[in-house]
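[1] Below are the sequence and a predicted model for it; my questions follow.
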Amino acid sequence: MPPHFQKVVSEFIVNIIGLSKGAHEFKYSFGEAFFDEFGKDLLEEGQFDATVVLDKHETFIEGSFALKGTARLVCDRSLETFDYPVASAHKIVFKYGAEEAEVSAEIVIIPHDRQSLNLGQYLYEFIGLALPMKRIHPKFQNAEEDENDGGIIYSSSTENDGEIDPRWEKLKKLK
């Protein structure tokens, strides 16, 4: 493992065995090096601040994740880059159990002997959830809304030929 990878990843690893019961706050600021290590599939650039509160109990750890920052995205339409603001909050409950399993998006089972949690992977996934599926530059946002204002979605070829479908004729007579 390259030394710079260990440094970036180790910054997000929290020793949960050493945590006393109660709430513990961890603050992170990260950018390009984070995405170099966790993957540039969803985002190549961005600058983020995160606050993670781990509240340790006897049988579980409640994690509260708050993210705020800016993602540098590429517009699907023009291929121009633009800054997209990101702000999100998520909760995960890490329950102690026999073996590791993800019960749901909010509940993860971890073994009793688990020594640490890699919070970086969760932050990476939360950033991915906060990004839009369709990445449109803000200067095209109004054009997108105009296109989707309830206009005609499609037209049949018979309407274009000047002929009217007989079913529509019968429906018109019902008026």
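    Received the coordinates, thanks.

[2] Please tell me how far stretch 112-124 is from the chain's geometric centre.
    18 Å (CA atoms, centre = their mean, to the nearest Å).

[3] Mind listing residues that contact that stretch?
    8-9, 11-17, 26, 28, 30, 34, 37-39, 42, 48, 50, 52, 54, 61, 63, 65, 67, 90, 92, 94, 96-98, 100, 110 (CB atoms under 8 Å, 6 or more residues apart in numbering). For the C-beta atoms, the positions are set from N, CA and C on the backbone; glycine is no exception.

[4] Which of those residues are buried? Put it as a PyMOL command.
    The PyMOL command for the buried members of the contacts of stretch 112-124 (criterion: 16 or more other CB atoms under 10 Å) is given here:
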select buried, resi 8+9+12+14+16+28+30+34+37+38+42+48+50+52+54+61+63+65+67+90+92+94+96+97+110
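
[5] which helices and strands sit right next to the longest strand seen in the chain?
    Within the chain, and with DSSP state E defining each element, the longest strand by residue count is strand 81-97. Helices and strands touching strand 81-97, by 3 or more CB pairs under 8 Å, 6 or more residues apart in numbering; DSSP states H and E, are strand 60-74, strand 107-111, helix 119-130.

[6] which one is the most centrally placed residue in the chain nearest to, not counting chain neighbours?
    Taking CA atoms, centre = their mean as the criterion, residue 129 is the residue nearest the geometric centre of the chain, at 1.4 Å. Distance criterion CB to CB, 6 or more residues apart in numbering; nearest residue to residue 129, sequence neighbours excluded, is residue 88 at 7.0 Å.
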